[in-house]
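> structure for this input, please:
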Amino acid sequence: MALSAPAAAVAVREGARRSVRSRNLYPALRRLRLGPIGLALSTILFAFVLLGGFGGRTVEAHEFFENPATVLVWVDFWVGLGLVSAFVGNVWDFVSPLSAAARGLDRMLARRGFTSLPYPARLGQWPAVVLLLGWSWSELIWGPAKEPRTVAAAALVYFLATLLGSAAFGAEAWLGQCELFTVFARAFARFAPTELEPRSPDDWLATAPEARTVRLRRFGAGLRSDPPLPSGGGAFVLATLATVVYDGWSQTNRFAAFEGWFLDRSGFLARHDDVLRTGLMVAIVAAFVLAFLLVCALLGEGGVAEAARRYSPTLIPIAAVYFAAHYFDYLLVAGQATLGVLVDPFGHSWNPAGLGEYPIHKGVVPAAAVWWAQVVLIVAGHVLGVVAAHRVAARRGARPALLLARQAPLVMLMVAYTVAGLWVLAQQIKVGA
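Presented below is the predicted three-dimensional model:
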């Protein structure tokens with residue numbers, strides 16, 4: 001990581017590297033009808049979430065790994081969304097029942113002459129940041145969020161809220177600024193190896209099929225070719241990284257000992273440990289944000305806000321690879337429950353052809369293989385982040401030695417993120433062992 005900074009300063013020049021893109025893959029992809037098939041599949045799975053959450057009446061149906069509401073949402077959807085967005089591309093915009101319903105409502109209202117309200121530009125993606133923190137708090141701290149009925153009710157309420165927001169401000173503005181999962185998918189897709197033309201998903205959908213393109217590109221190429229992050233976009237990336245780090249830390253013995261120190265000294269916290277965990281999660285997020293802002297102040301490039309706006313996209317590779325490193329083994333193990341809950345969504349012990357009852361294999365991938373995969377992912381992603389940051393700095397036209405000196409605080413911050421991420425992952429492997 002540290003060596004990649006001087007290497008980038010010597011070898012990388014902004015605008016000197018020719019962009020590498022594949023031929024247009026869209027004509028072949030269009031014949032496969034992946035969009036309609038993906039939308040139909042995701043809609044069916046959303047129906048399973050509602051059916052399992054509201055229809056399960058047995059004791060078995062209330063268990064986390066026995067109900068489609070909990071397995072599909074917390075395992076398959078959340079983890080799969082991050083992995084697909086980062087390592088394939090922005091698929092969510094085209095297979096999301098939320099997006100399809102919001103855009104359909106938007107078109108219907110437009111035909112009837114309804115004019116949506118202008119979205120306040122100063123809000124940017126800050127509503128999505130708030131939703132991300134609420135989602136992470138629910139996932140990591142709030143116990144009822146693991147209950148199927150609560151998950152189904154929250155999914156239904158969120159679906160209706162998305163429609164109302166899209167009706168008020170327009171689907172394009174609401175999905176791109178406020179809808180948590182669309183903002184998340186689009187942010188990670190900047191790292192992905194696929195590129196759409198037109199770049200905006202809304203423009204892409206409005207363009208005739210003959211004029212659409214889908215091309216392969218290098219990982220991380222979108223960090224410099226895609227439009228700048230809107231207001232709050234950098235905070236969204238940092239909050240994503242920080243909450244995943246907190247998730248990993250909260251599963252270690254070190255966290256248990258740290259938490260126990262507070263619980264032993266406060267009767268209130270002992271009775272309300274959720275308050276302590278909420279405070280710790282907020283503290284981790286605040287520490288990540290403050291560290292980045294401090295580094296932006298040290299960079300001295302047009303003020304803190306301007307430096308944060310310019311460099312925040314370079315943190316996307318770090319957030320994406322750490323998300324993948326943290327969750328992919330969890331998906332391999334917990335995701336095995338998917339077929340069983342789909343076959344038996346109401347918890348009645350249905351077992352056609354043995355598809356409803358089968359053992360979960362926890363040793364799918366050896367711990368050593370998981371660790372080395374995590375190391376490779378994290379180091380590669382962080383190196384790409386350093387190179388992306390150098391490209392941003394190179395746009396100011398300074399000499400390589402001066403650029404390296406200016407970037408030193410940011411590089412040290414990225415090294416610190418790397419060390420923290422690997423340390424947390426190593427602690428989890430020790431606990432699992």
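
> and for residue 302, the neighbour number?
Here the count is done by other C-beta atoms under 10 Å, and residue 302 has 12 residues near it. Using the backbone N, CA and C atoms, a C-beta is placed for each residue, glycine as well.

> residue 146 now?
Count around residue 146 with other C-beta under 10 Å applied: 17.

> check residue 255 too.
18.

> tell me which stretches of the stretch 151-300 of the chain form helices.
171-177, 180-189, 201-206, 222-225, 233-249, 253-263, 267-271, 273-299 (DSSP state H, counting those that start in this stretch).

> leaving out the residues flanking it, which one is nearest to residue 102?
residue 166 (3.8 Å; C-beta to C-beta, 6 or more residues apart in numbering).

> show me the shaky parts of the chain.
1-2, 4-19, 300-301, 395-407, 428-433 (pLDDT under 70).

> okay, now residue 93: neighbour count?
26.

> before we move on, the earlier item: need the helices of the stretch 151-300 of the chain in CSV with distance to residue 35, can you?
As requested, the helices of the stretch 151-300 of the chain are exported to CSV (distance: least, C-beta to C-beta, whole Å):
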stretch, distance to residue 35
helix 171-177, 16
helix 180-189, 15
helix 201-206, 9
helix 222-225, 20
helix 233-249, 26
helix 253-263, 42
helix 267-271, 50
helix 273-299, 35
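
> closest to residue 337 out of those helices?
helix 233-249 (19.5 Å; C-beta to C-beta).

> so the closest one versus helix 180-189, what angle?
90 degrees (axes from the mean of the first three to the mean of the last three C-alpha atoms, to 10 degrees).

> how far does helix 233-249 sit from the chain's center?
Chain-centre distance of helix 233-249: 9 Å, with C-alpha atoms, centre = their mean, to the nearest Å.

> and stretch 339-350, by the same measure?
Centroid displacement of stretch 339-350 relative to its chain, using C-alpha atoms, centre = their mean, is 29 Å.

> got the end-to-end distance for that stretch?
12 Å (C-alpha to C-alpha, to the nearest Å).

> and the helix or strand containing residue 333, what's buried?
Element membership for residue 333, per DSSP states H and E: helix 316-334. By 16 or more other C-beta atoms under 10 Å, the buried positions in helix 316-334 come out as 316-329, 331, 334.

> how close does the residue nearest to residue 102 sit to residue 172?
9 Å (C-beta to C-beta, to the nearest Å).

> which one of those two is surrounded by more residues?
residue 166 (26 against 20).

> can you tell me how far the more buried one sits from residue 104?
10 Å.

> thinking again about what came up before, how about the contacts made by the residue nearest to residue 102?
102-103, 105-106, 174-175 (C-beta atoms under 8 Å, 6 or more residues apart in numbering).

> for these, give me CSV that also has distance to residue 159.
CSV is the format used below for these (distance: C-beta to C-beta, whole Å):
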residue, distance to residue 159
102, 9
103, 14
105, 11
106, 15
174, 13
175, 13
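
> by neighbour count, which of those residues wins?
residue 175 (27 neighbours).

> just checking, it touches residue 94?
No: if you go by C-beta atoms under 8 Å, residue 175 and residue 94 don't touch, sitting 11.9 Å apart.

> look at residue 357 and tell me its secondary structure.
coil (DSSP: H, G, I helix; E, B strand; the rest coil).

> check contacts around the nearest residue to it once chain neighbours are set aside.
Among residues not flanking residue 357 along the chain, residue 351 sits closest, at 4.6 Å (C-beta to C-beta, 6+ apart). Contact analysis of residue 351 by C-beta under 8 Å, 6+ apart lists 343-344, 357.

> how near is residue 351 to residue 358?
Taken as C-beta to C-beta, the span from residue 351 to residue 358 is 9 Å.

> then residue 149?
From residue 149 to residue 358 the distance is 25 Å (C-beta to C-beta).

> of those two, who's got more company?
residue 149 (17 against 13).

> so what's the more buried one closest to, chain neighbours aside?
Going by C-beta to C-beta, 6+ apart, residue 149 has residue 53 as its nearest residue, at 5.3 Å.

> give me the three-state assignment for the one you found.
Quick answer, by three-state DSSP: residue 53 is helix.

> is it correct that it is in contact with residue 73?
No: counting by C-beta under 8 Å, residue 53 does not reach residue 73; the two are 9.0 Å apart.

> which residues do those two both contact?
Joint contacts of residue 53 and residue 73 (C-beta under 8 Å, 6+ apart) are 151, 155.

> who has more neighbours, these two?
Using other C-beta under 10 Å as the criterion, residue 53 and residue 73 rank with residue 53 on top: 26 against 23.

> so how far is residue 71 from the more buried one?
Taken as C-beta to C-beta, the span from residue 53 to residue 71 is 11 Å.

> what does residue 325 give?
22 Å.

> ditto for residue 281
Distance, residue 281 to residue 71, using C-beta to C-beta: 24 Å.

> ok, now residue 239?
25 Å.

> centre of the chain to the very next helix or strand once past the helix holding residue 333, how far?
Note on helix 316-334: by DSSP H and E, the next helix or strand toward the C-terminus is helix 338-343. Its chain's average C-alpha position is 25 Å from that of helix 338-343, according to C-alpha atoms, centre = their mean.

> which positions in helix 338-343 come out as buried?
338, 340-343.
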